[in-house]
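>>> What follows is a protein structure lacking sequence information:
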């Protein structure tokens, strides 16, 4: 009988938690799945293609960095802009 697969989304990496907490959570989730006898598969869209198993290099692309990528960053600057423009 084949081992069960558990799909994990890349959303946990790119939204909600700051780096490195998002990376640590993603790695912990994969380990929890493995400890329960299943195979984790982190899925995401990389270069416009769906990946059903993202590599470590693929996952690095989802971690927020100095670029404005989180909703909080975008909202903050949108509100600031609206206030400055009256």
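Now that the structure is in, tell me what you want to look at. What you are looking at is a predicted structure, and each value in this text was computed from that prediction instead of being measured.

>>> so the closest residue to residue 54 other than its chain neighbours bridges to which residues?
Residue nearest to residue 54 in three dimensions, not counting chain neighbours: residue 42, with 4.7 Å by C-beta to C-beta, 6 or more residues apart in numbering. C-betas here are computed from N, CA, C, even on glycine. Bridge pairing for residue 42 (DSSP bridges) gives the partners residue 8.

>>> Now do residue 42: how many residues are near it, please.
Using other C-beta atoms under 10 Å, residue 42 has 24 neighbouring residues.

>>> now the strands for the chain?
For the chain, the strands defined by DSSP state E cover 5-9, 39-46, 49-51.

>>> List the neighbouring strands of the last one plus their orientation.
Paired neighbours of strand 49-51 in the sheet (DSSP bridges): strand 39-46 (antiparallel).

>>> which residues touch the strand it pairs with?
3-10, 26, 29-30, 33-34, 50-54, 58-59, 61-62 (C-beta atoms under 8 Å, 6 or more residues apart in numbering).

>>> and the angle for it with strand 5-9?
Strand 39-46 and strand 5-9 meet at an angle of 40 degrees, taking axes from the mean of the first three to the mean of the last three C-alpha atoms, to 10 degrees as the criterion.

>>> quick one: buried residues of strand 39-46?
40, 42, 44, 46 (16 or more other C-beta atoms under 10 Å).

>>> Tell me which residue lies nearest the centroid of this protein.
Nearest to the mean C-alpha position of the chain, by C-alpha atoms, centre = their mean, lies residue 13 at 1.9 Å.

>>> quick one on the thing from earlier: go through the buried residues of strand 39-46 and say which is closest to residue 79.
residue 44 (29.6 Å; C-beta to C-beta).

>>> what's near enough to touch the nearest residue to that closest one once chain neighbours are set aside?
Counting by C-beta to C-beta, 6+ apart, residue 10 is the residue found nearest to residue 44 once chain neighbours are left out, at 3.5 Å. Residue 10 sits next to 42-45, 54, 59, 62 when contact means C-beta under 8 Å, 6+ apart.

>>> re earlier: nearest to residue 77 among the strands of the chain would be which one?
Taking these one by one with C-beta to C-beta, strand 39-46 is closest: 25.1 Å.
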